[in-house]
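Visitor: can you look at this prediction? I've put the sequence above it.
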Amino acid sequence: MILGLGAALGAAVVFGIASILQAVGSRKVPTGSELDPRRFGGFVIALLKQPAWLGALVLQLAGFGLHFVALRLLPLYLAQAGIAVSLVVTALLATRLMADKLSGIEWSAVVAVCGGLGLLAVSSGDAGEAAVHHGLTIGLIVGLIAIAVLGGVASRSQHASATAVLGVLAGFGYAGVAISARMLDDSSIGALFSSPTTYTLPVSAALAFLLYSLALQRGSVTLATTPMIALQTITPAAVGVFLLDDKIRDGWYTGAIAGFAITAIGALILVRFESVKDETATDSATSTEARPEGADPR
């Protein structure tokens, strides 16, 4: 339990830093890049040319290594709630590096995330054993196909709702990562390579990362991140408890539900700090463009 919780918190720190870099890099790619076979390559190449996005990718991979350990050792509801601490990291970095100020309700959200996670940790029982679940495996594969198709449609839409839709799809994609990691059969090399979840895991991760980048590119970071955080937290938690036999301590069901709800609500309040550094860069660029040619920069 201690090792798994430490891995989840370590992953949260890394993800908190990576999210800012991903927002910065994604916003520098011109809009109009679409997730379809004709333009997919150009979109990826454009992202790879952004140092900030590359840095985010490296940190995301490092964070996933830690998150994977947590997913294998902890109930899914605790492992996913632990990742919500990444938003606390982002908020605290913003106050430290960007001179941004937390309001009273946002400080309360920081306390809520930490307190809710503590309550959830005390309430949690043993993680369910990794097991073959054919129905869930088929559901994962069908879900990935649906996410890819809907993502392609949403990425071509100019409607304001496209940002939220892409965020929702990214959230389901990241949920697929967590569920695949739990179901991974690593009992032997042969079992590992023959397990469908060995392949749904990286596909889910890549698809979710690209969809989230598209969402960040098209609109408000808050609008993109709020549904993503909600769905990547709630969906695996429900699957873990109802289908994968994750346990809650006897007599602590109310505490677990309260801890999960408090952590999730606090995380959603802190979503706006995902965009602090990007908004600052945008404001700086705007004031530079607005300055008349030859004017004194002071």
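Guide: Done, it's in.
Visitor: list the contacts for Ala91?
Guide: Going by C-beta atoms under 8 Å, 6 or more residues apart in numbering, Ala91 touches Leu102, Glu106, Val110, Leu270, Phe273. C-beta here means a position set from N, CA and C on the backbone, and glycine is covered the same way.
Visitor: farthest pair in those?
Guide: Greatest spatial distance among the contacts of Ala91 (C-beta to C-beta): Val110 and Phe273, at 10.1 Å.
Visitor: who's more crowded, those two?
Guide: More crowded of Val110 and Phe273, by other C-beta atoms under 10 Å: Phe273, with 28 against 19.
Visitor: quick one: the helices in the stretch 151-298 of the chain?
Guide: 161-183, 189-194, 197-218, 221-242, 253-269, 276-290 (DSSP state H, counting those that start in this stretch).
Visitor: select, out of the ones you listed, the one closest to Val153.
Guide: With distances scored as C-beta to C-beta, the stretch of the helices of the stretch 151-298 of the chain nearest to Val153 is helix 161-183 (8.7 Å).
Visitor: ok now the longest helix seen in the chain, how far from the chain's centre?
Guide: The longest helix of the chain (DSSP state H) is helix 2-27. The chain centre lies 9 Å from the centre of helix 2-27; the measure is C-alpha atoms, centre = their mean, to the nearest Å.
Visitor: please apply the same query to stretch 242-256.
Guide: The chain centroid and the centroid of stretch 242-256 are separated by 24 Å under C-alpha atoms, centre = their mean.
Visitor: likewise stretch 198-211?
Guide: Distance, stretch centre to chain centre, for stretch 198-211: 12 Å (C-alpha atoms, centre = their mean).
Visitor: tell me which element Glu129 is part of?
Guide: In this structure, Glu129 sits in neither a helix nor a strand according to DSSP states H and E.
Visitor: pretty sure it sits against Gly240.
Guide: No: with contact defined as C-beta atoms under 8 Å, Glu129 does not count as touching Gly240 (11.7 Å).
Visitor: so for the two, which sits in the more crowded spot?
Guide: Taking other C-beta under 10 Å, Glu129 and Gly240 do not tie; Gly240 has more neighbours (25 against 8).
Visitor: quick check: phi and psi at Asp245.
Guide: phi 70, psi 30 (degrees, to the nearest 10).
Visitor: separation between it and Ala79?
Guide: Note on Asp245: its distance to Ala79, by C-beta to C-beta, to the nearest Å, is 15 Å.
Visitor: neighbour count for these two, which is higher?
Guide: Applying other C-beta under 10 Å to Asp245 and Ala79 shows that Ala79 carries more neighbours, namely 31 against 13.
Visitor: who's the closest spatial neighbour of the more buried one, skipping the chain neighbours?
Guide: Among residues not flanking Ala79 along the chain, Ala70 sits closest, at 4.3 Å (C-beta to C-beta, 6 or more residues apart in numbering).
Visitor: buried set for the host helix or strand of the one you found?
Guide: Using DSSP H and E, Ala70 sits within helix 51-73. Within helix 51-73, the residues that count as buried by 16 or more other C-beta atoms under 10 Å are 52-53, 55-57, 59-60, 63-64, 66-73.
Visitor: sweet, I'm off.
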